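J.: Show me the folded form of this:
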Amino acid sequence: MVRVFKLLLAFFLLPTAVLTCAETVRILLAVLGNVGAAVSFIMGVLVYCGIHYGYYNFSRPYVFAHEMTHALAALLCGCRIREVSVGRDSGFVKMDRCNAFVVLAPYFVPAYVLLTAGVYLITDLFVDLTPYRQIFLFVIGFFTAFHFVQTFKTLFEADQPDLKLAGGKVFSVVIITLANLVVLALVLKALFPETVCLAQGGKNVLAGTVNVWRIIVNYIMEQAVNAASK
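T.: Here you go, the predicted structure:
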């Protein structure tokens, strides 16, 4: 019954995910269009991709971040951690119980991005880091690319038991996609507040979602009326 509900929820959220994708692409294009402000961020993304696909795939750092995010999400939800294992290419976290948030958290929480931002913000309270903002943007771009490349690789290069455990592949993929788009938009807003307008993007997604479902409901009602009249 729970799995059926999650499947229906995924279906309900699908138009929202598609529209959020379109809005996030629009935001990303606006940021990339302002090359002067985004050059360091873009360079970070390109350097990561170059290293990942040319020299080193960062497997162990990703596994470490993946399992630690599982563990931290479990602690936030009041779960008890029994064992954590981190290997070169895989790992696991044993806990007394879990939920969809705990299972899917590593796929949409960019751990190293948050860690870098946290260190920067805390350090900036004591030392003026304004002269080093371009370095910060480079590192954020590097770890943003790290998160998305590794997440894509993990989801599509192997059969992930996490997806089944969270409520099925359809539900998991829709939630992961939607959450990652929101996370990317929030990261871009934090880095380029003058360029990114999340309020307008949110309004566009909400209006578009309502319109899509209005069309779907009207179509279903028309089909029902036509069937009843025959």
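J.: After the least confident helix or strand in the chain by mean pLDDT, which helix or strand is next?
T.: The weakest-scoring helix or strand in the chain, judged by mean pLDDT, DSSP states H and E, is helix 161-166 (a mean of 81). Counting by DSSP states H and E, the element after helix 161-166 in chain order, helix or strand, is helix 169-191.
J.: From the chain's centre, how far out is the helix or strand that that next one is followed by? Work that out for me.
T.: Downstream of helix 169-191, the next assigned helix or strand under DSSP H and E is helix 198-229. Here the centre of helix 198-229 is set off from its chain's centre by 26 Å, with C-alpha atoms, centre = their mean, to the nearest Å.
J.: same question, stretch 139-153
T.: So, by C-alpha atoms, centre = their mean, the centroid of stretch 139-153 is 10 Å from its chain's centroid.
J.: Which residues does that stretch contact?
T.: Applying C-beta atoms under 8 Å, 6 or more residues apart in numbering, the external contacts of stretch 139-153 come out as 40-49, 52, 57-58, 61-62, 107-108, 110-113, 116-117, 176, 180, 184, 187, 191. C-betas here are computed from N, CA, C, even on glycine.
J.: Recalculate using a threshold of 7 Å.
T.: With C-beta atoms under 7 Å, 6 or more residues apart in numbering as the test, stretch 139-153 has contacts from 40-45, 47-49, 52, 58, 62, 107, 110, 112-113, 116-117, 180, 187, 191.
J.: quick one on the thing from earlier: and the least confident helix or strand of the chain, what does it pack onto?
T.: helix 100-108, helix 169-191 (3 or more C-beta pairs under 7 Å, 6 or more residues apart in numbering; DSSP states H and E).
J.: which helices and strands sit right next to the last one?
T.: Here helix 169-191 touches helix 2-33, helix 100-108, helix 133-157, helix 161-166, helix 198-229, going by 3+ C-beta pairs under 7 Å, 6+ apart.
J.: At the geometric centre of the protein, which residue do we find?
T.: For the chain, the residue nearest the mean C-alpha position is residue 180 (1.8 Å; C-alpha atoms, centre = their mean).
J.: Quickly find the element holding residue 84.
T.: Going by DSSP H and E, residue 84 is in strand 81-86.
J.: so residue 60 makes contact with residue 67?
T.: No. Using C-beta atoms under 7 Å, residue 60 makes no contact with residue 67, being 10.9 Å away.
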